[in-house]
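S.K.: Take a look and give me a structure for this.
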Amino acid sequence: MGSRQQLGSGFVFTRSTNTIHAGKPTELSLNQMKGLCQQKFNRNHRLALDKKSYACKDMVGTSQCEMRYYNKIACRRLMFISDPLPFVKNYIEEIDVAIKKYDVNAKLTRIQKAWLAFCIMAIFNTRTVCWAKFERACLGKHSTAALSWMFRKAEIPWQFLLTASTMIILKRFGITRGRLAIDETDKKRSKAAKLIYKLHKIKDKSSGGYINGQKLVFLFLITDLVSIPVGFEFYEPDPELKKWSKNDKKLRKKGVSKKHRPPMPARCANCPTIAQIALKLLRQFKIDHPSVKIDCILADALYGTKAFLDDASSIFGGVQVVSQIKRNQNVMFRNKKIAVEQYFASYPGTENKIAIRGGKQANVTVGSVRLHVCSHGTKRFVIALKYEGEKEYRYLVATDLTWRTLDIVEAYTLRWLIEVFFEDWKISEGWGKLTKHTGEKGSRRGVILSLLTDHCLFFHPDQQAFIENNLTACTVGSLIRQIRIECFLEFVRDMVTDDDPNRKMDELTELLKNEIYDLMPSSKHLAGKNLGRLEPSPSLKHKKAA
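M.R.: From the prediction side, this is the model:
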């Protein structure tokens, strides 16, 4: 059995259990469908929905249709999300134009543009990427099945969407230079999850144990006007290396010598390290946006290796790369190997003031020296940094020796902005809740949709006005609240300007109370259920006596 659901003004989608039908399906009015509720449907029936006819969501092989769904579809014009706001439509149109610069044959169809605009509006309103919530938010105008089919089957040029979106933001605000920050973040998953892309055991920082989850590596562009995500990739540890490492630890604990332990296997090409993924993202950004001049690259201690620092710097022509090293890292001082912590214990830093991300001043203790780092095989700029109230130093390492100490320290404070993005992205932009799409396509496309939502905020008229007048941009949370208010006001405006607002209000009330948010039976209360005979049996009194 198939159904044809309306996704937006003037376009339809036909769904079948196995195939997508190309022919003209049978068109039935709402009154005609009411007479079908007692019939059994088979797989050859197809119901259609267009501007003048409404279709039901049928249940194949069941004795009746859910008639309440008829009313939901019939009232499809009554929705909390009316048509997408103008700035969302304009944003999608600009993406369509930008895509052609990367592939002349790639484009978005009218249906695809309407679907993308609706999904972005739905993420603003529900803060999830969940088709069932999208359907409820629009009061049944777009069905879960139709939205899911577009996500999975429509030939949308997903590989160009984020790149094209980044390009139009750079062009709109005249951005020609910036700094790149790299970091990774985890997404917790259920123990029962099996089909999620690159699912593996991750360390749970809150409990100290291990849970199922996904790890994503992000590339984040920080400019004088805006800060935006420009690339991402999923990480998964090599299962063979993981198995070997676990076995190697057991053998070492037993005292087995290295020559008697199995050698380390070669890393699988499909499971690169986090640092390799980061370098890939940097190279891709250089290819996609060659006109953007990068001032420096910022990363945490995970990326403080010789291979990453040298390769990342060379990608952008010897640019400054700032990371961290461990306190026990060896450096050469007066022809002797000593730990970096030992050096700064002998030569402590001095108190200074720095600007935190160009804003408030902070008191810090800073010491610096240009020393040969043994594991890197070259001279690095090593900085010991301690904020007011901290007891332990953290140790920064930089590749370009010509920078001043405080310039490096102030540049590294910008790395924290990617952590702010992670919080906004997970809480307000859809990825934090109900992103359960399976397979590689499901995970990648879900992330892309949520990142497009982040980019779309820069096209809101209020946000643009702040940025273009060199004022601080609005926070993600406050701007999304504003968009939700605008969306609701549009919904109310449509209602009060209707030819018969009282009738429309009654229809909306009936729809919300009985169809969208109807009451559900509780299994906690036992009225109407046979609980059995819960009392003594007279014929068994002798059992008690015995």
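S.K.: helix or strand for residue 256, which one?
M.R.: Residue 256 belongs to no helix or strand when assigned by DSSP states H and E.
S.K.: quick one, what contacts it?
M.R.: For residue 256, no residue meets the contact criterion (C-beta atoms under 8 Å, 6 or more residues apart in numbering). In short, each C-beta sits where N, CA and C put it, glycine included.
S.K.: residues touching residue 399, list them.
M.R.: Residue 399 touches 309, 310, 313, 320, 321, 322, 380, 381, counting by C-beta under 8 Å, 6+ apart.
S.K.: Could you give the number of residues near the first one?
M.R.: When you say that, I think you mean residue 309. 25 (other C-beta atoms under 10 Å).
S.K.: Do I have it right that it meets residue 375?
M.R.: No. Applying C-beta atoms under 8 Å as the test, residue 309 and residue 375 come out as separate, 10.9 Å apart.
S.K.: re the thing from before, let's see which of the contacts of residue 399 end up in strands.
M.R.: Of the contacts of residue 399, the ones assigned to strands by DSSP state E are 320, 321, 322, 380, 381.
S.K.: farthest-separated two in these?
M.R.: Greatest spatial distance among the ones in strands among the contacts of residue 399 (C-beta to C-beta): 320 and 380, at 11.5 Å.
S.K.: what's the overlap in contacts for these two?
M.R.: In contact with both residue 320 and residue 380: 398, 399, using C-beta under 8 Å, 6+ apart.
S.K.: re the thing from before, turn the contacts of residue 399 into a markdown table, including distance to residue 302 and pLDDT.
M.R.: Supplementary listing: the contacts of residue 399 in a markdown table, determined by distance: C-beta to C-beta, whole Å; pLDDT from 0 to 100:
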| residue | distance to residue 302 | pLDDT |
| --- | --- | --- |
| 309 | 12 | 96 |
| 310 | 16 | 95 |
| 313 | 17 | 96 |
| 320 | 18 | 96 |
| 321 | 13 | 97 |
| 322 | 13 | 96 |
| 380 | 17 | 95 |
| 381 | 19 | 96 |
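S.K.: contacting residues around the closest residue to residue 433 other than its chain neighbours?
M.R.: Among residues not flanking residue 433 along the chain, residue 128 sits closest, at 4.7 Å (C-beta to C-beta, 6 or more residues apart in numbering). Residues counted as contacts of residue 128 (C-beta under 8 Å, 6+ apart) are 430, 433, 434, 435.
S.K.: Tell me the secondary structure of residue 128, please.
M.R.: Look at residue 128: counting by DSSP: H, G, I helix; E, B strand; the rest coil, its state is coil.
S.K.: Phi, psi for it please.
M.R.: Dihedral pair for residue 128: phi -140, psi 170, per degrees, to the nearest 10.
S.K.: So it versus residue 326, what's the distance?
M.R.: 39 Å (C-beta to C-beta, to the nearest Å).
S.K.: quick revisit: tell me the most packed of the contacts of residue 128, by neighbour count.
M.R.: When neighbours are counted by other C-beta under 10 Å, residue 430 leads the contacts of residue 128 with 28 neighbours.
S.K.: Let me see the contact set for that one.
M.R.: 123, 126, 127, 128, 129, 446, 449, 450, 453.
S.K.: could you redo the last one with a cut-off of 7 Å?
M.R.: 123, 127, 128, 129, 449, 450, 453 (C-beta atoms under 7 Å, 6 or more residues apart in numbering).
S.K.: what helix or strand is it on?
M.R.: Counting by DSSP H and E, residue 430 is found in no helix or strand.
S.K.: Need the pLDDT of the residue nearest to residue 211 when sequence neighbours are not counted.
M.R.: Leaving out its chain neighbours, the residue that sits closest to residue 211 by C-beta to C-beta, 6+ apart is residue 204, at 4.8 Å. With respect to pLDDT, residue 204 scores 83.
S.K.: Could you double-check that residue 204 sits in contact with residue 213?
M.R.: No. Residue 204 is beyond contact range of residue 213, at 8.2 Å (criterion: C-beta atoms under 7 Å).
S.K.: Among the two, which residue is more densely surrounded?
M.R.: For the pair residue 204 and residue 213, the greater number of neighbours falls to residue 213 (19 against 14), based on other C-beta under 10 Å.
S.K.: So the nearest residue to that one once chain neighbours are set aside, which state does it fall into?
M.R.: Among residues not flanking residue 213 along the chain, residue 202 sits closest, at 4.1 Å (C-beta to C-beta, 6+ apart). Put simply, residue 202 is strand when judged by three-state DSSP.
S.K.: what about residue 202, how many residues close to it?
M.R.: Residue 202 is flanked by 18 other residues according to other C-beta under 10 Å.
S.K.: That one: what's it in contact with?
M.R.: By C-beta under 7 Å, 6+ apart, the residues touching residue 202 are 186, 210, 211, 213, 215.
S.K.: okay, among those, which ones form the most distant pair?
M.R.: Top of the distance list for the contacts of residue 202 (C-beta to C-beta): 210 and 215, 12.7 Å.
S.K.: Give me the more crowded residue out of the two.
M.R.: Comparing residue 210 with residue 215 by other C-beta under 10 Å, the one with more neighbours is residue 215, at 19 against 11.
S.K.: ok, now how distant is the more buried one from residue 199?
M.R.: Distance, residue 215 to residue 199, using C-beta to C-beta: 10 Å.
S.K.: Could you do residue 145 as well?
M.R.: Counting by C-beta to C-beta - residue 145 and residue 199 are separated by 25 Å.
S.K.: if you count what's nearby, which of the two comes out ahead?
M.R.: With neighbours defined as other C-beta under 10 Å, residue 145 and residue 199 compare such that residue 199 has more, 19 against 16.
S.K.: re the thing from before, who's the residue nearest to residue 213 bridged to?
M.R.: Beta bridges link residue 202 to residue 211 when assigned by DSSP bridges.
S.K.: Surely residue 349 is in contact with residue 363?
M.R.: No. Residue 349 lies out of contact with residue 363 (C-beta under 7 Å); the separation is 11.9 Å.
S.K.: Which one of those two is surrounded by more residues?
M.R.: residue 349 (17 against 12).
S.K.: where does the residue lying closest to the more buried one once chain neighbours are set aside sit relative to residue 354, distance-wise?
M.R.: Distances taken as C-beta to C-beta, 6+ apart put residue 367 closest to residue 349, at 3.0 Å, once the chain neighbours are dropped. Distance of residue 367 to residue 354, given as C-beta to C-beta: 14 Å.
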